[in-house]
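Enquirer: With the sequence up front, the predicted model follows.
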Amino acid sequence: MNNKRRDFLRITGLAGLGLAGGNLLSSFKPQEKAPGLITGYSMGTFNMSGYAAPKLDVVRVAFVGLGNRGPAAVNRLKRIAGVDIKALCDLRPEKVNTAKDLLKGTAHKPEIYTDKEDAWKKMFDRNDIDLVYIATPWALHTPMAVYAMNSGKHVCVEVPAATTVEECWQLVETSERTKKHCMMLENCCYDFFELLTLNMARQGLFGEIIHGEGAYIHDILEGNFSKTKNYKLWRLQEYTKRKGNLYPTHGLGPVCQAMNINRGDRMDYLVSVSGNDFMMEKRAEQLASSDSFYKAFTGKDYNGNMNTTTIRTEKGKTIMLQHDVTSPRPYSRLHLISGTQGIAQKYPLPGKIAIGGDEWLSEEKIRELETKYTPPIVKLVGEMAKEIGGHGGMDFIMDWRTIDCLRNGLALDQDVYDAALWSSILPLSEKSLANRSNSVDIPDFTRGFWKTNKPVDVSMSTGGTTKVI
């Protein structure tokens with residue numbers, strides 16, 4: 001039986017069940033919708049991929065979460081013309097005041113929201129805000145993003161955008177219904193080598209991309225146990241409760257863009273394997289021996305040192321992801337894209353490229369490729385981004401590009417389907433691990449639109465009118 005006939009029978013069979021069984025389809029939970037909707041039937045949804053919201057001459061922004069990443073974002077957006085920072089929110093007054101101090105001497109006069117757990121809701125309810133920038137602990141990302149979209153705001157939300165498959169569907173359905181953007185702040189898509197190799201891939205230099213690798217290998221063992229780095233050690237607590245790839249998007253995002261995932265191909269299923277924890281429990285015991293505060297973190301079943309997740313796409317291509325935040329290893333996101341005619345790999349630094357052969361190109365040849373393939377966005381704001389900062393400049397490129405898209409009425413580089421899909425690897429890897437690393441189907445958050453969606457022009461052939469102050 002061919003695939004089209006199977007799809008027809010599946011969709012008509014489900015419809016028949018609905019008629020005979022009191023609309024069975026409507027009783028499915030959000031995460032259960034995916035199997036019946038992968039066939040290409042949109043079921044009345046609005047496609048946010050490629051959607052251009054009405055232009056905003058001035059983007060009025062509110063920030064929530066001013067602990068680690070929030071203040072840096074405030075500092076970056078104050079350098080972008082056409083931005084009006086209207087409000088700042090954090091549970092801790094000192095954090096809000098520190099962020100407000102960053103705006104001294106500027107035209108920004110934000111109102112402060114603090115002290116109360118739900119102060120952010122009052123801020124979101126304002127009618128003079130266009131964009132909410134969310135940089136809170138993970139568990140608050142989806143509830144805040146959904147509330148903001150329902151309040152008529154576009155959303156930029158830190159990674160991961162969601163922590164459960166149900167939350168992923170909540171983001172998708174809310175964005176489609178409200179026609180408000182929900183962009184995950186995956187800054188690694190805007191790093192310089194990633195943008196260069198994406199442009200090369202889009203211009204066919206590597207041939208057809210058939211395999212990608214990404215990772216988050218980052219020794220943050222001490223940071224996870226720091227009393228000051230994460231509010232109430234929220235991130236460490238995540239590692240006591242969950243097992244899998246808990247932070248998949250940094251390595252995954254750039255690879256998905258190069259492989260046109262959600263725009264010509266989609267993820268089909270994954271398999272995830274983890275080793276044991278060899279370091280976090282030991283570190284908790286060491287700290288508890290001299291500080292009773294850490295006794296609450298001993299005796300926990302921590303997430304393992306290394307998680308490896310492999311993904312197969314609908315078109316038979318593969319992605320390998322790794323996650324390790326405790327081993328004493330040099331930082332790496334891997335960033336490997338392999339095609340039928342060439343390959344690029346960023347780590348170990350500096351990045352390497354091979355075209356049509358089995359040897360890496362010389363640094364001189366790579367410089368020649370950079371001259372030819374550096375995308376317009378890097379030529380326009382790359383040097384300013386390095387000066388202003390944010391992980392070497394990629395954070396500023398991300399923020400500038402987002403504001404420029406909103407001001408010019410352009411589709412965002414990352415849409416809600418990317419936010420949902422990339423974030424879903426966290427709970428889906430958990431599910432695979434819990435079932436002895438058996439394969440797990442990956443929902444089609446586009447509901448079939450991946451077949452006709454077009455790749456986003458991240459290199460920026462349009463827009464570019466927003467000035468840097």
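Expert: On my side now, so go ahead. Just so it is clear, the structure is predicted and the values come from calculations on it, not from any experiment.

Enquirer: Surely V172 forms part of a helix?
Expert: Yes. Counting by DSSP: H, G, I helix; E, B strand; the rest coil, V172 is part of a helix.

Enquirer: pLDDT wise, what is it at?
Expert: Here the pLDDT value assigned to V172 is 98.

Enquirer: now do D265
Expert: Confidence per residue is given as pLDDT, and for D265 that number is 98.

Enquirer: Helices of the stretch 101-250 of the chain, start to end?
Expert: Counting by DSSP state H, counting those that start in this stretch, the stretch 101-250 of the chain forms helices over residues 119-124, 141-150, 165-178, 192-202, 221-224, 234-241, 249-258, given from the N-terminal end onward.

Enquirer: Quickly find the element holding the closest residue to V458 other than its chain neighbours.
Expert: The spatial neighbour of V458 that comes closest, neighbours along the chain excluded (CB to CB, 6 or more residues apart in numbering), is D413 at 4.8 Å. Using the backbone N, CA and C atoms, a C-beta is placed for each residue, glycine as well. When secondary structure is defined using DSSP states H and E, no element contains D413, which sits outside every helix and strand.

Enquirer: Could you pull up the contacting residues of D413?
Expert: Listed by CB atoms under 8 Å, 6 or more residues apart in numbering, the contact partners of D413 are M183, C189, Q257, R401, T402, C405, V456, V458.

Enquirer: repeat for T249
Expert: Residues counted as contacts of T249 (CB under 8 Å, 6+ apart) are V159, P160, M184, E186, C188, W422, S423, I425.

Enquirer: Recalculate using a threshold of 7 Å.
Expert: Counting by CB atoms under 7 Å, 6 or more residues apart in numbering, T249 touches V159, P160, M184, E186, W422, S423.

Enquirer: Kindly report the same for M267.
Expert: Contact criterion CB under 7 Å, 6+ apart gives I261, I311, T313, L421, I442 as the residues in contact with M267.

Enquirer: mind listing which of those are in helices?
Expert: Among the contacts of M267, the members falling in helices (DSSP state H) are L421.

Enquirer: M149: which of the contacts of M267 is nearest?
Expert: Of all the contacts of M267, L421 has the smallest distance to M149: 17.9 Å, by CB to CB.

Enquirer: these two touch, right, the closest one and R263?
Expert: No. Between L421 and R263 there is no contact, the gap being 11.3 Å when judged by CB atoms under 7 Å.

Enquirer: Between those two, point out the one with more neighbours.
Expert: When neighbours are counted by other CB atoms under 10 Å, L421 comes out ahead of the other of L421 and R263, with 28 against 23.

Enquirer: Find the residue closest to the more buried one in space, skipping its chain neighbours.
Expert: Distances taken as CB to CB, 6+ apart place F445 nearest to L421, at 5.4 Å, with adjacent residues excluded.

Enquirer: Next: K300.
Expert: Closest residue in space to K300, ignoring its immediate chain neighbours: T240 at 4.2 Å, by CB to CB, 6+ apart.

Enquirer: Spit out the contact partners of the one you found.
Expert: T240 is in contact with F297, K300, Y302, counting by CB under 7 Å, 6+ apart.

Enquirer: This completes my enquiry, with thanks.
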